[in-house]
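Colleague: would you be able to build a 3D model of this:
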Amino acid sequence: MADIRPKSAKAEMLLWSFGRVLFGAIGCLWLLFLVAPLVIVVAVSFTSANYLMFPPPGLSLQWYAEVMQLSWFRSSLISSFLIAAVSTAIAVVLGVLAARALSKRSFPGHMLMEYLVLSPLLLPGVVMGFALFNVLVLLHMEALGLPNLIVAHTMITLPFVVRSVWSTMAGSDASLEEAAHSLGATPLKAFRHVVLPTAMPGIVAGAILAFTFSFNDVTVSIFLASREAGTLPVELMADLEYSANAAPAAISSLMIVLMLLLFMAVVRLGGLKAFVNH
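Modeller: Okay, here's the model as predicted:
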């Protein structure tokens, strides 16, 4: 028995080391699989050729200058920012109220409310977009492009705000609010001066993620977009069908940089730990 145990321990150590190397290699390959397309898109956007080519024969900013001259790019960019900003603002207000109610855990129908609020995370975007489109057709409201997109984007971004704010409120010190009540503060004043400041990191992080998701959404927007209200991702997909130049790559690169800056802001505000189940 004295001779078997060291050999077993050594074999176990070798197996553990092999597992670490294997999983590390798989992780690196998966990261390469995710990042490589983005690198190629950014590289193609700087090509000096008149059509898509990788690797680019030379470097040039011509396609970024070309993009700024596209009327559909400017109009759809403004529409995307407007839709994302308004839907995010509405989602933040509703999300804070919903998170406040859910953090109490003391009312009938708590679980039902949680499932209803977070259900957009469970349903595929194509299903939601198709369902919303059919509802709007039945109500004869399919022509209201901008309001429809704002309502739809509020629905799909609300869970991001709720998860972030709910987690922050659940992790805050409840004694601070109780102390405010004991000192004579009304529930509204305690909420404004105690609860909201402590939940502010989660509110800001949820708002940034909601804006990011709304700005990049395609699967829901493609069912509800109209000629008067088209989002940038939807217009970009339509342009890809007929364009063989590098203008779409330049637009995609600008969107990548914008999303990277927004997620860096989320990390600075505490990372994605606000979305971990509690």
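Colleague: quick one: the helices in the stretch 101-250 of the chain?
Modeller: 110-118, 125-138, 145-171, 174-182, 187-190, 196-216, 221-224, 232-240, 247-268 (DSSP state H, counting those that start in this stretch).
Colleague: the ones you listed: which one's closest to residue 35?
Modeller: Closest to residue 35 of those, according to CB to CB: helix 247-268, at 10.9 Å. Yep, even glycine has a C-beta here, placed from its N, CA and C like the rest.
Colleague: for residue 28, which of the helices of the stretch 101-250 of the chain is the nearest?
Modeller: Using CB to CB, those put helix 247-268 closest to residue 28, at 20.6 Å.
Colleague: got the buried residues for that closest one?
Modeller: 247, 248, 249, 250, 251, 252, 253, 254, 255, 266 (16 or more other CB atoms under 10 Å).
Colleague: where's the dip in pLDDT among those?
Modeller: Minimum pLDDT for the buried residues of helix 247-268 is recorded at residue 266 (68).
Colleague: circling back: among the buried residues of helix 247-268, which one lies nearest to residue 64?
Modeller: In terms of CB to CB, no member of the buried residues of helix 247-268 lies closer to residue 64 than residue 250, at 5.0 Å.
Colleague: that closest one: what's it in contact with?
Modeller: For residue 250, the contacting residues are 45, 63, 64, 66, 67, by CB atoms under 8 Å, 6 or more residues apart in numbering.
Colleague: so the third one touches residue 47, yeah?
Modeller: No: between residue 64 and residue 47 there is no contact, the gap being 11.2 Å when judged by CB atoms under 8 Å.
Colleague: tell me which of the two has more neighbours.
Modeller: The residue with more neighbours, out of residue 64 and residue 47, is residue 47; 23 against 16, by other CB atoms under 10 Å.
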